[in-house]
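A.B. asks: Sequence below, structure please.
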Amino acid sequence: MKENSFAVFEDYKIRRVYDEESETWYFSVVDIIQVLMQQPDYQAARNYWKVLKNRLNKENNGSFRREAIPYRRC
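C.D. replies: Take a look at the predicted model:
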């Protein structure tokens with residue numbers, strides 16, 4: 001079962017999903033970029049991610065895959 005929720009960081013909401021089976025949190029990359037850029041406009045963060053993804057694809061000959069990167073506590 002997966003649980004959806006928000007994490008709040010400096011008045012920004014970051015979408016996240018918890019997978020109980022693997023005991024792993026997954027966070028929205030676009031939301032994290034929005035926080036790091038301190039960008040109030042969601043669309044600007046989304047466009048930044050789109051451009052970055054395209055550049056990574058070009059550098060890696062199209063082998064950049066869209067995968068969730070889990071957060072695990074150490």
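A.B. asks: all contacts plus neighbour counts: C-alpha atoms, from now on.
C.D. replies: Fine.
A.B. asks: After the helix or strand bottoming out on mean pLDDT in the chain, heading C-terminal, what element do we hit next?
C.D. replies: The weakest-scoring helix or strand in the chain, judged by mean pLDDT, DSSP states H and E, is strand 2-9 (a mean of 68). Downstream of strand 2-9, the next assigned helix or strand under DSSP states H and E is strand 12-19.
A.B. asks: what is the mean pLDDT for that next one?
C.D. replies: Regarding strand 12-19, the rounded mean pLDDT is 85.
A.B. asks: same deal with stretch 34-41?
C.D. replies: pLDDT averaged over stretch 34-41 gives 88.
A.B. asks: Give me the distance between the two termini of it.
C.D. replies: Stretch 34-41 has an end-to-end distance of 8 Å (Cα to Cα, to the nearest Å).
A.B. asks: what's in contact with that stretch?
C.D. replies: Applying Cα atoms under 8 Å, 6 or more residues apart in numbering, the contact partners of stretch 34-41 are 9-10, 12, 42, 44-45.
A.B. asks: who touches residue 33 in this structure?
C.D. replies: In this structure, residue 33 makes contact with 45, 49, judged by Cα under 8 Å, 6+ apart.
A.B. asks: sec struct for it, please.
C.D. replies: helix (DSSP: H, G, I helix; E, B strand; the rest coil).
A.B. asks: What distance do you get for it to residue 19?
C.D. replies: If you go by Cα to Cα, the gap between residue 33 and residue 19 works out to 22 Å.
A.B. asks: what's the neighbour count on residue 45?
C.D. replies: For residue 45, the count of nearby residues is 21 (other Cα atoms under 10 Å).
A.B. asks: Spatially nearest residue to it, not counting backbone neighbours?
C.D. replies: Nearest residue to residue 45 in three dimensions, chain neighbours excluded: residue 34, at 5.0 Å (Cα to Cα, 6 or more residues apart in numbering).
A.B. asks: Against residue 8, how distant is the one you found?
C.D. replies: Computed as Cα to Cα, the residue 34 to residue 8 distance reads 12 Å.
A.B. asks: so what's residue 27 bridging to?
C.D. replies: Beta-bridge partners for residue 27, by DSSP bridges, are residue 16.
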